[in-house]
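Undergrad: sequence first, then the predicted structure:
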Amino acid sequence: MEPSTLRSTEVTPSSVTLASLPTELHSLIARMCRDQDRQYKVRTSPEDFGIRHLEVAKAGATDWDGRSLSALSLSSRDWRTATAPYFFETISSNSCDDALFLFEISPKYASLVRHALFDHHATDSTGQAALLRTLPFLPRLQSLAITPPVFVHLLGLRSTSTPTAEQSVHQQGLRSLLRSIAELSLVDVRKAELAWILPSLSRTALRRLDLTLDLDSDDASIQPARTALSKLKGLQHLSLRDLNVDMAGLLEDVEAFEFELKSLELGFYDRSFDAEAWTFVIGQAQHGEGTPRVRFEVLRDLRLEGTITSIATAINLFSSSPITTLSLRVLEYQNKTKPDPLDALLANIAKGREMRRQVTAVIPQLDLSVEPRYDPFYHRPPNAGSVGLERACDAATETLKFGLDLSDHLLATKDFDGAKALIELLLPLRGKMLRLKD
């Protein structure tokens, strides 16, 4: 290569654009933007992360908008095509307020929808009814999330009066739809509503069931819901959050999932949910010297939230299961006694793992995580101050100017070897600058 053409053939950072990226990367980058949007949305929820974290997250809203999936889709037609599957992967009742929503989405994007969500803060049934009418036309729908407004407005299940004709039609439509759902999430659901929904689910199609239970539950019996839950033989993932002594009656027939359940999440809301209450709920779950009667043959993922006492008791009930991932979230933990109850709990976990190794001969590595975890989104490095920042930027500018002057000198002197050495020196810096720009 001639020295005179060295500068013109070298790729500069400004020439690397979204349009110049290979099409094989489009889907990967779009999926990364989708995941980042989800994380940002969670972090702007005061219910999940608190007001302080909400303020921190919104402080970077301007920078975030430029990196969002929406911004990526507006860059070109190719990128709009690449981002479309992720735009329509999840739809909610908020986007269905328009009566023509069904006719707009079905011809082009119906096959892209995987998840449907009824909005938690809806005040009427307009958008909910539109979404319900749309669901049968989504051939690849996998999961559905149902929230309290559905029970109140759309189905009329929380009213003491007889459902209207329209609500009866909605009830029939939802029942028929639930037979083909593989993943179902019920938010703030009550016992009577569980007894209405669970019998409609397919015993073989349903794979995942997430329940967040209503703390102000009704006076209905838990028996119908418990019986219906025990008949879901194909269930592989079960999550029960905000459990109290009353609602935990759902677990009395846990042996129904002994050979299918792969992951289990239990959240104990009731602070008085101690060992005695837990033993009462399980009934005859133990025999002999406290050995669990039920051994979940394929249970790998166990997630527990509650007090030290409730977590310790629950872990003992799963000591015979081949658990490889254990996540604990301890509520209201204060070390006021000796020995430390948390240390004792972790010691029991380690002991149980050794016992399982002796029984099964081979046991995968146990991945234990104790929440809250380290979150790099908020744990940012401390700001060194504006003075230090100005000095660093001045030094960087001076270094770059020196590189430009040296490049001009090498071109004037036709020093080809020197130019090659300079390029090799600056290539790592160029790569880092490109990553920072993205």
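TA: All right, it came through fine.
Undergrad: and residue 231, its phi and psi?
TA: Torsion angles at residue 231 (phi, psi; degrees, to the nearest 10) stand at phi -90, psi 0.
Undergrad: need the pLDDT of the nearest residue to it once chain neighbours are set aside.
TA: Excluding its sequence neighbours, the residue lying closest to residue 231 (CB to CB, 6 or more residues apart in numbering) is residue 203, at 5.7 Å. Any C-beta I mention is one placed from the backbone N, CA and C, and that applies to glycine too. At residue 203, the model reports a pLDDT of 75.
Undergrad: return the set of buried residues in the lengthiest helix in the chain.
TA: Ranked by residue count, the top helix of the chain under DSSP state H comes out as helix 386-413. Within helix 386-413, the residues scored as buried using 16 or more other CB atoms under 10 Å are 407, 410, 411.
Undergrad: pull up the gap between the residue nearest to residue 231 and residue 121, please.
TA: Residue 203 sits 33 Å away from residue 121, taking CB to CB, to the nearest Å as the criterion.
Undergrad: rewinding a little: in this structure the residue nearest to residue 231 contacts residue 229, no?
TA: No. Contact criterion CB atoms under 8 Å: residue 203 and residue 229 do not qualify, at 11.0 Å.
Undergrad: give the rounded mean pLDDT of stretch 147-160.
TA: 86.
Undergrad: which residue comes closest to residue 112 once chain neighbours are left out?
TA: Residue 112 sits nearest to residue 88 (CB to CB, 6+ apart), 4.2 Å away.
Undergrad: can you count the residues close to that neighbour?
TA: Using other CB atoms under 10 Å, residue 88 is surrounded by 18 other residues.
Undergrad: that one and residue 115, how far apart?
TA: Distance from residue 88 to residue 115, by CB to CB: 10 Å.
Undergrad: and residue 239, by the same measure?
TA: 16 Å.
Undergrad: can you check residue 192 too?
TA: 26 Å.
Undergrad: got it, and residue 417?
TA: With CB to CB as the criterion, residue 417 and residue 115 are 59 Å apart.
Undergrad: one more: residue 200?
TA: Distance, residue 200 to residue 115, by CB to CB: 19 Å.
Undergrad: again with residue 93
TA: Residue 93 sits at a distance of 13 Å from residue 115 (criterion: CB to CB).
Undergrad: sorry, back to before: mind giving me the packing neighbours of the longest helix of the chain?
TA: The contact analysis (3 or more CB pairs under 8 Å, 6 or more residues apart in numbering; DSSP states H and E) places helix 386-413 against helix 6-9, helix 416-437.
Undergrad: returning to what we had before: look at residue 203 and residue 121 and report which has more neighbours.
TA: residue 203 (12 against 8).
Undergrad: show me the domain layout of the protein.
TA: Per automatic domain parsing, the structural domains of the chain span 23-371, 397-437.
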